[in-house]
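K.L.:
Quick one, what's the 3D model for this:
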Amino acid sequence: MSKKIVFYAGCIFALILPLIKSVHAFASGIALLTGIILASFYLISTPKNLGKIRKFTLNSAVVLFGFGLNINKVIAVGSKGILQTAVSLVFVIIIGLILAKLFKMEKKLSQLIIFGTAICGGSAIAATSPVIEASDEDIALSTGIVFILNTVALFLFAFLISYFKLNAEQTGIWTALSIHDTSSVVSAAAFHSTEALKIATIMKLTRTLWIIPIVIILSFFNKSDSKNIKFPIFILFFILASVIASFVNLPSFYSLLTQAGKMLLALALYLIGTSLNIKTIKKMTGKNMAFGVTLWIFSIISGYLIMMFL
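P.N.:
Predicted coordinates for the structure are as follows:
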């Protein structure tokens, strides 16, 4: 069977998973593992523009989740989330800079890992890398480390949420503050409940917005071209979807759209999995991975404390 056919068969499988009642709660995790396994055994051939497809798929899923939210809830959670995400951001960056010296990390690589951990994983790395003029190798290494930890997060937080017996609000806030990429944030939160997923989505998008001031600050200190600053436009579509759902009463239709969002999310996780294979994982050195893991542990702890006390 052609490797391209296997790849697209995996896409269809990922899309169907959320529709199967017996496994829908674990759909994203299963899709992710499927992608990793197929890539690791070199059973698939991925499109050259896989990164763009993955990004579009994930962003579309987030926008569709907006149809399941009332705009008043978005404002309420988002306004509180600005302070919580700001505190988390400052803490992780400071700890990251300290750890970078202790681990004797290469400057630009450590910065990419720090911003990927503090803000929003691969998106933050993509946004900051041209500003600090990072090399392709640094981008690949930092993205790989973040992807691996993001994969671990999906399963780790499913356990932690259950172990600590967190409610929907606590789950949504903690996952949004402590997991790198949006894909695993909403997947981990969805494991708890739909309400947790809604809160996590709003909080994560609030956290993502910090890309803008961070890139502006980096551009100033690095004297970079302002053209490198890119606003995450999909957030505006997410808000628009929420506004429409709040004022146009079509609950059945919106339910279908949010279900479609879950299907696209599973597809996005599958596509992420296809980017992670044994060859990629072997490129991560012990020191670089140890730095990323240590910083993430601090992020998890700080996220929990912020969720509990702020």
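K.L.:
which residues sit against stretch 71-80?
P.N.:
Stretch 71-80 is contacted by residues 66, 172, 198-199, 202-203, 205-206, 239, 242-243, 245-246 when judged by C-beta atoms under 8 Å, 6 or more residues apart in numbering. C-beta coordinates here come from the backbone N, C-alpha and C atoms, glycine included.
K.L.:
Sketch out the low-pLDDT regions of this protein for me.
P.N.:
Scanning the chain for pLDDT under 70 picks out 1, 25, 136, 223-232, 280, 283.
K.L.:
which other helices and strands contact the one helix or strand residue 263 maps to?
P.N.:
Taking DSSP states H and E as the definition, residue 263 sits inside helix 251-274. Applying 3 or more C-beta pairs under 8 Å, 6 or more residues apart in numbering; DSSP states H and E, one finds that helix 251-274 contacts helix 3-16, helix 27-40, helix 50-65, helix 136-163, helix 182-192.
K.L.:
Tell me which residues touch the closest residue in space to residue 255 that isn't next to it in sequence, please.
P.N.:
The shortest distance from residue 255 to any non-neighbouring residue, by C-beta to C-beta, 6 or more residues apart in numbering, is to residue 68 (7.6 Å). By C-beta under 8 Å, 6+ apart, residue 68 lies in contact with 194, 198, 245, 254, 255, 257, 258, 261.
K.L.:
for the residues you listed, which one is nearest residue 48?
P.N.:
Among these, residue 261 lies closest to residue 48 (C-beta to C-beta), at 26.4 Å.
K.L.:
pretty sure the closest one is touching residue 58, no?
P.N.:
No. With contact defined as C-beta atoms under 8 Å, residue 261 does not reach residue 58; the gap is 10.2 Å.
K.L.:
if we can go back for a sec, would you reformat the helices and strands packed on helix 251-274 as CSV and include mean neighbour count?
P.N.:
Shown next, in CSV, are the helices and strands packed on helix 251-274 (neighbours: other C-beta atoms under 10 Å):
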stretch, mean neighbour count
helix 3-16, 16
helix 27-40, 22
helix 50-65, 20
helix 136-163, 20
helix 182-192, 28
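K.L.:
what two of the contacts of stretch 71-80 have the greatest distance between them?
P.N.:
172 and 243 (20.6 Å).
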